[in-house]
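Undergrad: Sequence and predicted structure are below.
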Amino acid sequence: MNDILNISLFNSLSQENPSKHPIIILKDVPFSHLQAILEYMYAGEVNVAQADLPNFLKTAERLKVKGLAEVNQNERQDR
């Protein structure tokens, strides 16, 4: 799982807040996107409705999810 999600995003949080059980608020991240990203991390694939795909990929890009964010960047270069 460490290879899929950019851990540096969370490392800085743990340095700023040494609490054993920190609360992380992911602003503008719908629960359905987070759920789908976790499914992708564990299963290696995920089904997302076509209409929700652009927003889902933006969320993946913000969270720096390897494999999902890179696909979005490659699609932009192809256009």
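TA: In hand now; what should we look at?
Undergrad: could you pull out the helices for this structure?
TA: Assigned by DSSP state H, the chain shows helices spanning 8-16, 31-43, 53-62, 68-78.
Undergrad: looking at those, which has the lowest confidence?
TA: Note on those: lowest mean pLDDT is at helix 68-78, with a mean of 59.
Undergrad: Could you find the closest non-adjacent residue to residue 33?
TA: Excluding the flanking residues, the one nearest residue 33 by Cβ to Cβ, 6 or more residues apart in numbering is residue 59, at 4.2 Å. The C-beta positions use only the backbone N, C-alpha and C, and glycine is treated the same way.
Undergrad: need the contact list for the one you found.
TA: Contacts for residue 59 (Cβ atoms under 8 Å, 6 or more residues apart in numbering) come out as 28-30, 33-34, 37.
Undergrad: Output the residues you listed as CSV; include the columns neighbour count and distance to residue 47.
TA: Below are the contacts of residue 59 laid out as CSV (neighbours: other Cβ atoms under 10 Å; distance: Cβ to Cβ, whole Å):
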residue, neighbour count, distance to residue 47
28, 9, 22
29, 14, 19
30, 13, 16
33, 21, 13
34, 13, 15
37, 21, 13
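Undergrad: Sounds good, over and out.
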